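Asker: model the structure of this input:
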Amino acid sequence: MEFIISFFFFLVLIPSAIVHEYMHGWVADYLGDPTARYAGRLTLNPLAHIDPVGTILMPLFLMLMTGGRFFFAYAKPVPYNPYNLKDARWGPVWVAIAGPLSNFFLAAVFGVMIQFLPAGNMGVFFSIIVYANVLLGVFNLVPIPPLDGSKVLFAVMPPTWAHIRVMLEKYSMVIFFVFIFFGFKLIMPIMFTLFSLFTWGHGML
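Answerer: Numbering: from 1, shown residues only. The predicted structure follows:
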């Protein structure tokens with residue numbers, strides 16, 4: 001049963017990550033940048049979004065390295081040109097948070113559906129969908145490049161902190177993996193709080 005749950009969690013991450021990237025492109029298009037539409041990325045077709053490394057290899061690697069305690073996936077980033085956005089400062093922020101907000105929306109929808117399910121395996125699987133989307137939403141809001149949270153951080157960061165942005169971008173991948181292995185526990189209370197909130201305390205994991 002544990003293997004089935006882990007495998008289902010992996011399968012849920014992929015479409016959830018695709019929705020996440022699709023919403024980045026949709027909001028960018030709505031705010032004036034048609035780059036994603038011209039690139040054929042405003043679609044939920046998985047073939048347009050799957051990244052061999054981020055969608056398949058990295059989650060499998062993380063699952064093996066952490067003994068199944070943690071794995072994460074991402075879809076191929078949707079291209080967009082921030083210079084096309086109507087609002088040069090806050091437009092990138094709206095594009096960035098669109099992805100995590102889409103995951104929180106999915107978590108809320110399936111959390112509500114759990115309330116109408118009898119106890120059983122279906123409730124467990126729906127709980128996994130909620131948890132996977134909470135994970136994607138919260139994790140992507142961590143302010144480490146290239147995660148979405150960094151776009152929000154850079155938008156509110158005063159110009160005098162430009163050197164901090166340069167440092168974060170220069171060592172982004174090192175900071176990213178250090179966070180995964182040593183700092184991930186810092187966001188777990190937030191994740192479990194949101195999971196309980198979206199499932200009205202009836203989630204089963």
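Asker: tell me how many other residues crowd residue 17.
Answerer: 28 (other C-beta atoms under 10 Å). Where you see a C-beta, it was placed from the backbone N, CA and C, and this is true even at glycine.
Asker: what's the helix or strand for it?
Answerer: With secondary structure defined by DSSP states H and E, residue 17 is part of helix 2-30.
Asker: contacting residues around the residue nearest the centre of the chain?
Answerer: Nearest residue to the geometric centre of the chain (C-alpha atoms, centre = their mean): residue 136, 3.2 Å. With contact set as C-beta atoms under 8 Å, 6 or more residues apart in numbering, residue 136 has these partners: 13, 16, 17, 20, 72, 99, 100, 103.
Asker: got TSV for those residues, with pLDDT and distance to residue 129 too?
Answerer: Converted to TSV, the contacts of residue 136 look like this (pLDDT from 0 to 100; distance: C-beta to C-beta, whole Å):
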residue	pLDDT	distance to residue 129
13	87	10
16	94	8
17	91	13
20	95	14
72	72	16
99	96	17
100	97	16
103	97	10
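Asker: which residues does residue 81 contact?
Answerer: Residue 81 touches 33, 35, counting by C-beta under 8 Å, 6+ apart.
Asker: pLDDT weak spots in this protein?
Answerer: 1-3, 66-71, 118-120, 203, 205 (pLDDT under 70).
Asker: and for stretch 45-65, what's in contact with it?
Answerer: With contact meaning C-beta under 8 Å, 6+ apart, stretch 45-65 is reached by 6, 10, 13-15, 17-18, 21-22, 40-41, 70-76, 78, 180.
Asker: recalculate using a threshold of 6 Å.
Answerer: 14, 18, 21, 41, 70, 71, 73, 74, 75, 76 (C-beta atoms under 6 Å, 6 or more residues apart in numbering).
Asker: what's the helix or strand hosting residue 93 packed up against?
Answerer: Using DSSP H and E, residue 93 sits within helix 91-114. When contacts are defined as 3 or more C-beta pairs under 6 Å, 6 or more residues apart in numbering; DSSP states H and E, helix 91-114 sits against helix 2-30, helix 121-140, helix 148-156, helix 188-198.
Asker: element containing residue 163, please.
Answerer: helix 162-170.
Asker: how about that helix: buried residues?
Answerer: Neighbour counts over helix 162-170 (16 or more other C-beta atoms under 10 Å) mark residue 168 as buried.
Asker: other residues contacting the helix or strand following that helix?
Answerer: Sequence order places helix 172-178 as the next helix or strand after helix 162-170, per DSSP H and E. Identification of contacts with helix 172-178 by C-beta under 6 Å, 6+ apart yields 144, 145.
Asker: again with stretch 108-119
Answerer: Residues outside stretch 108-119 that contact it (C-beta under 6 Å, 6+ apart): 123, 126, 129, 130, 198, 199, 202.
Asker: skip the chain neighbours and tell me the closest residue to the fifth one.
Answerer: Here the nearest residue to residue 198 in space, its sequence neighbours aside, is residue 111; by C-beta to C-beta, 6 or more residues apart in numbering that works out to 3.6 Å.
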